Each structure stands twice: as structure tokens, then as C-alpha cells.
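*Asks:* sequence-free structure coming up:
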């Protein structure tokens, strides 16, 4: 994926002011930054949320003009967004949604629909990775889930859909240390030379478990600094102000 | 509003798929209504004297009544003299001769709805017996029911073959003067269905309009009477997604159910009459009176309805819980789109001791529609230990529709328990985007969210019907996208 000079606004307010970023297959990137820096907006814009208006720039994904595609086509092309606040859909079974999602993707790729037995085997296997209980199979989408369960569910969906590019929006927030390890293990299990992951996060904590290849600091809708995993540690110690000040200086 | 909610609206801006016209020559009375018309209907049907008297009495009463104005619906006054009150089809001369001649698009829609093949042909106006062995189909189920002692026939046949039962039960739940539309129906009803399940018999099959081939075309004023004798049980399916063939727009039916000691009646409806176009022109006025009486102790009557059609729906399937320990249930999904208006709900009248009732109502409004739940829970002084649970949920799609809830409660016995829960929610753009981000199309996503909302009601439908109801929702929400 290549983002070139991307700008966007929501409700008349400019949030992204010229983002440039390249993510290659096999890489894990972390996007960090203070509150209101535009991290979540970037994730939503890439996924195609229409409330966000793109005012400039371009994004190419696997050679496709990503911004010209409706959200469902972006998803079918292999872009996955792990939501910061996964929504509840009462009465709609978890497994049903997931199967519909997988079949939509397979259909777009010209593959046959997944067989029910095969699918159940697959989902059970991935649930094991995410340490989720059997009751998950019969519950509604995120219905009555705790914060941690919702985040695990996001990662489970990612594991089933096997995206080429996964953007995880603060998937680590609100998790206790055990849940964080489970979620990290899930993300790591997806790492492969064919896939890329973008972690949007506040904290360095997650990056102890999922070690990134590149770390970017976002502020005021721009990437101010990029580096390797060591940058995250430096940020942890010195705070974001240090980057902002360096920039000004 | 953002563009996303416009997408939802676009999805909902779909056309009615069953609104084709089939040219059938019919034997009709000229428009107008007076005693001679009532007498002519009765004569055409060779009815016994008591029924003619009954009709005339109802007609005279109707003339003294005023159309009710309390419902939350608006329409131009109906000219009752401009309606033809009798129309029976003649054998079709120019109807398709075989299913091969029927518009394939139409057949595809039926296939989507899961309607059995012979039924598809019948709906499309094919002369069924030319193609299918309908006689043997009819004979098979008649034999099976006959062996069990179950009577299931058209209302006209019942008047001819079982006048004693008709005289005893007709109007015993919905008296001829009950309300304006029931009185009109009582005067001019043309046909309908009759079911009698004798003591101790569990009806060996679901009774549905699919099987009632002999009464394929009933009028706009149909009358249904179902009697479950002591310890009998029956499940009746009504409606289906039949195309609109009626020339007139008023549909005023009456349904009466009688459950004696330990008897159970389950009555399921999927109503998809023509709702009018997207500007609110045309469509059916569905003014229906449905009431069941749990006359015996430990009896149970359960109503399940999925209402997606009609320009205006005015309908309150009710239970009169007379017998001690009797149970009444009402499960409803009412969808109103474009300019549709629905004012629907139920009445649970608790008379016997320890009577119980459950009401679950799901209203979905879209476009400019108005969807009203109106329910009455009445607990009389005699109903010691009575219990009611009511849950009313409304789902709004788009910014221009409205949902209203009018729950009435009259509790006259202090040992009764009445619970009420209500919620109103908007179809979430967040929910929609979540599904889209998982690669699911907007159309499938809306269907999924709506089906989830209706799930508790669909669970109450007999299995084949639940599938049809689900498909119907999909078809009616199918839109411009995809």
C-alpha cells in the first residue's frame, strides 16, 4: 500500500494534512501519536468510512485506486479494519456474520462458498488461538461482550478473513496483560511475507509482543518522525513532546 | 444527514414485486350496497335462511355505525357505494396454459420466496389442473385430514355441509356489530376458511392456504372461523405472498378462533398485500378484525404475524382469556416503508384466573412511513393471579419515518402482574459500516440487521414459514444497490 499526500476532513475540520506512508507485504508498522493526532481518522479513511471527506492525495493498494472503491470492495480486496469500538448487532449470530463475510470475499475472488462443516472446523481452530469459549458460537455479534471479548472477536475475524493488510485501531486498549498476550499471539500468527499489519496504538506495551518493523509518529495529521522499533521505546521514555519539539526546532 | 443514510434510503426505495395484473373474467355485482346486494350475495351462495337474516341484521347495524377515527392513520374517505361486493372468477380463458408461459422473472421471485412449485403456478394464474395433478394433491391431504376427523374447507362449503357448526360459532367471538369493519364484513363476506378439529385430535399437518386449492380466489371480505374442541390442537398458516388481483382496495376480513378446554390454536400470518407505490398512491387498506377466545380452561391461542404489505394496516389480533389458566400470545413484526401506515397491536383481555399473556412487537419504519403499536392489556376483577409481559421495540431506518407506541393497561385485580418494556433504535450507520468493512454488501447487511431485530418473532413461526418470512424481508428490502 502506498499513501501519497493524503488529506481528509470530517465535519469541516481538517484532520489529515498530507500523509505519506508506504507499507510493503511482510511488514508490521506501528502508528503512534497523542490523542487527536489523526490516527483513527487515517484508519477510517483507509477503510472507506463516508463521514470522512478526502480532500487530497491518493492511496494505491495492490495496484488498485483504493479511494475510488466502496468499503465492501476494499474489504474483499484484502483490507481489514479492526475497530476501536466494535459495534453490537443484536440478534445476528457471530458465526453467521463471519461466514457471510468470508463467502463475500470468496465470491469476489471467484472461489466457491465455504462448506458449513469446513467453516466450523476453521472457526473452532482460530477460537482456540484466541482462547474464546464455545458460547461465542451461539451469541449475537458483540452482543453483551466485555471490552476484551470484543477486541478478541476483532482479531478472530481477522484470522478467519486472512487479509493482505490489517489495520488494527487501538486493539490493545482496555486489555489486561493476559488478554494483551492472547491478542498479540493472534496478530503474530498472521504475520507472513504475504501480509502486512498496521497497528494504531497509544502505547508501546503492545509493541513488546508484536515487534514492528517501522514506527511512525503522527501529530497534527502528519507523520513527524519514522524509525524502527527502538523509536517506540524512545517515545515511551521521552513522551511525544520530544518529537514535537524536535520538529519545531 | 450523511450520505450513508441516503444509501439506506436508496436500498429501501424498491418496487413491489407482486403487483402484476392477471386478466380473469369474473362474475361481479355492480358497485353499490343495500339490502338487495346483501340478499343477492346470500342467494348466489345458496345460503340457509339463518345466515341471510344474520347478514341483514349486521348490515342494518352497520348503517347506524361510523367509521372509526381513532387510529393513527390518514386516508381519504372511502365511498362504500363505489365498491363491488361480489366478484367470483370464471374459468380463465386467456390465462397462461402452462408454467412455461409465465414470466420467468415472476417465477424467479416465487422461487426466492420459497413457494412450492404448484403454488407458484396457481399464483401466476395457470390453470393448475391442466399441468399438475391438483386433484390427487387435494385428495391426499383431504384423506389424511378426514381420517383424523378434521374439517378444513372453504367457508361456503362449511355453510353447505356443516350449517350446525356455523350457526353455533359464527359471530360468537367477533359479534356482527363489534366494529364498523367487522359489521361490514358480516353483511357482505364472500368466502373464507373453516376449520374444526374434534376433541382430542392433534391436526396431523399444518393447515395453510397452499393446500386449499378449491378456494383459490377468496374475496376481499373473507371470513375465517377455527374451532379447536377439547384437547385439540391446530396450527394454521395464512396469507403467503400472493399477488394482488383484487380490483378494489378495501380488504376487511374477520377471523374468529375458539379454543375449548385444553385446546391450542397457533395462527400465523405473513401479509404482503400491495403497499402502494413509492409516492403513496394506491395500495390496500387492510382493515382486519382478528380475535381468539380461550373459552376453555388451560387453553392457548398464539398469534404470530409478519406484516410487510398494505398501504394502511389496521389490525389487532386479540385474545379473550376466559378459561382459567388460559394463555394468549402475540408476536408481531410490522414493516412500513415509503408512505405505508401501520396501526397494529393486540388486546389481551384477562377474565379467568391465572391467565397469562405475552406480547412481543417489533416495528420497522422506513421512508416516510408511520408505524404505530397500539395494545391493550385488560385485567378484569375476576382474573386473580393474571400475568402479562409486553415488549415493544421499534427500528427506524432513515430520518423521515416515525414510530409510535400506545400501550394501554387496565388492571382491576391487585394480584395481577403486568410488565412492559419498550425501546426505539435507529439502524446504526456504525452497524452498517461494520458489515461493509467485512466485505458484506449493503443490501445483505441491512437484511441481516433487520432479521436480527426480528429474530424472536421469526422463531415463533412454523419452520417453512420462517424461511418464507425471512426471504420476504430480503425481497422487500432489495434495492438499487447490487
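*Replies:* Received it, and whenever you're ready, just let me know what you need. If you're wondering where the values come from, they're calculated on a predicted model, not measured in any experiment.
*Asks:* Can you tell me which residues in chain B are near chain A?
*Replies:* Those residues of chain B that sit near chain A, judged by C-beta under 8 Å from any C-beta of the partner chain, are B:2-4, B:428-431, B:433-442, B:444, B:448-449, B:451-456. Placement of C-beta: from N, CA and C, glycine included.
*Asks:* For ChimeraX, write the selection for the buried entries among these.
*Replies:* Those of the residues of chain B next to chain A that count as buried under 16 or more other C-beta atoms under 10 Å in any protein chain shown are selected in ChimeraX with:
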select /B:4,429,430,431,433,434,435,436,437,438,439,440,441,442,444,448,449,451,452,453,454,455,456
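*Asks:* Sitting in strands, which of the residues of chain B next to chain A do you find?
*Replies:* Among those, the subset assigned to strands under DSSP state E is empty.
*Asks:* Pass me the low-pLDDT residue ranges in chain A, would you?
*Replies:* Residue ranges of chain A with pLDDT under 70: A:246-249.
*Asks:* Tell me which residue in chain A sits closest to chain B.
*Replies:* Residue of chain A nearest chain B, by C-beta to the nearest C-beta: residue A:91 (3.0 Å).
*Asks:* Quick check: helices, which of the residues of chain B next to chain A are part of them?
*Replies:* Secondary structure from DSSP state H places B:3-4, B:429-431, B:433-437, B:442, B:444, B:448-449, B:451-456 of the residues of chain B next to chain A in helices.
*Asks:* who in chain A is up against chain B?
*Replies:* A:47-51, A:70-72, A:74-76, A:80-81, A:83, A:86-87, A:89-92, A:96-98, A:100-101, A:104-105, A:108, A:140-141, A:157, A:161.
*Asks:* Just the buried subset of those, please.
*Replies:* By 16+ other C-beta under 10 Å, the residues of chain A next to chain B give A:47-50, A:71-72, A:74-76, A:80-81, A:83, A:86-87, A:89-92, A:97-98, A:100-101, A:104-105, A:140-141, A:157, A:161 as buried.
*Asks:* Who are the contact partners of the nearest residue to the residue of chain A closest to chain B once chain neighbours are set aside?
*Replies:* Sequence neighbours aside, residue B:452 is the residue nearest to residue A:91 in space, at 3.0 Å (criterion: C-beta to C-beta, 6 or more residues apart in numbering or on different chains). Contact analysis of residue B:452 by C-beta atoms under 8 Å, 6 or more residues apart in numbering or on different chains lists A:89-92, A:140-141.
*Asks:* Likewise for residue A:61?
*Replies:* In this structure, residue A:61 makes contact with A:1, A:74, A:77-79, A:165, judged by C-beta under 8 Å, 6+ apart.
*Asks:* Just the ones in helices from those residues, please.
*Replies:* Using DSSP H, these in helices are residue A:74.
*Asks:* For the stretch 301-450 of chain B, just list every one of the helices.
*Replies:* B:429-437, B:442-458 (DSSP state H, counting those that start in this stretch).
*Asks:* Residue B:232 reaches residue B:226, doesn't it?
*Replies:* No - using C-beta atoms under 8 Å, residue B:232 makes no contact with residue B:226, being 10.4 Å away.
*Asks:* May I have the phi/psi pair for residue A:72?
*Replies:* phi -70, psi -30 (degrees, to the nearest 10).
*Asks:* Hmm, it is touching residue B:444, no?
*Replies:* No - when contacts are counted by C-beta under 8 Å, residue A:72 is not listed as touching residue B:444 (9.2 Å).
*Asks:* which residues do those two both contact?
*Replies:* residue A:104.
*Asks:* list the contacts for residue B:56?
*Replies:* Counting by C-beta under 8 Å, 6+ apart, the residues that residue B:56 touches are B:35, B:38-39, B:187.
*Asks:* the helices in chain A, which residues?
*Replies:* A:39-47, A:71-76, A:94-108, A:116-129, A:147-161, A:177-190, A:205-209, A:229-238, A:241-248.
*Asks:* What residues of the shortest one count as buried?
*Replies:* Neighbour-count burial for helix A:205-209, with 16+ other C-beta under 10 Å as criterion, is recorded at A:205-207, A:209.
*Asks:* In the stretch 151-300 of chain B, where is pLDDT below threshold?
*Replies:* The model of the stretch 151-300 of chain B has pLDDT under 70 over residues B:209-219, B:239-249, B:274-282.
*Asks:* Distance-wise, check residue B:470 relative to residue B:365.
*Replies:* Applying C-beta to C-beta, to the nearest Å, the value for residue B:470 to residue B:365 is 19 Å.
*Asks:* Can you report how many residues lie near residue B:356?
*Replies:* For residue B:356, the count of nearby residues is 19 (other C-beta atoms under 10 Å in any protein chain shown).
*Asks:* my guess is it meets residue B:327, correct?
*Replies:* Yes - using C-beta under 8 Å, residue B:356 and residue B:327 qualify as a contacting pair, with a distance of 5.0 Å.
*Asks:* Please enumerate the shared neighbours of these two.
*Replies:* residue B:321.
*Asks:* Now for residue B:414, how many residues are close by?
*Replies:* 8.
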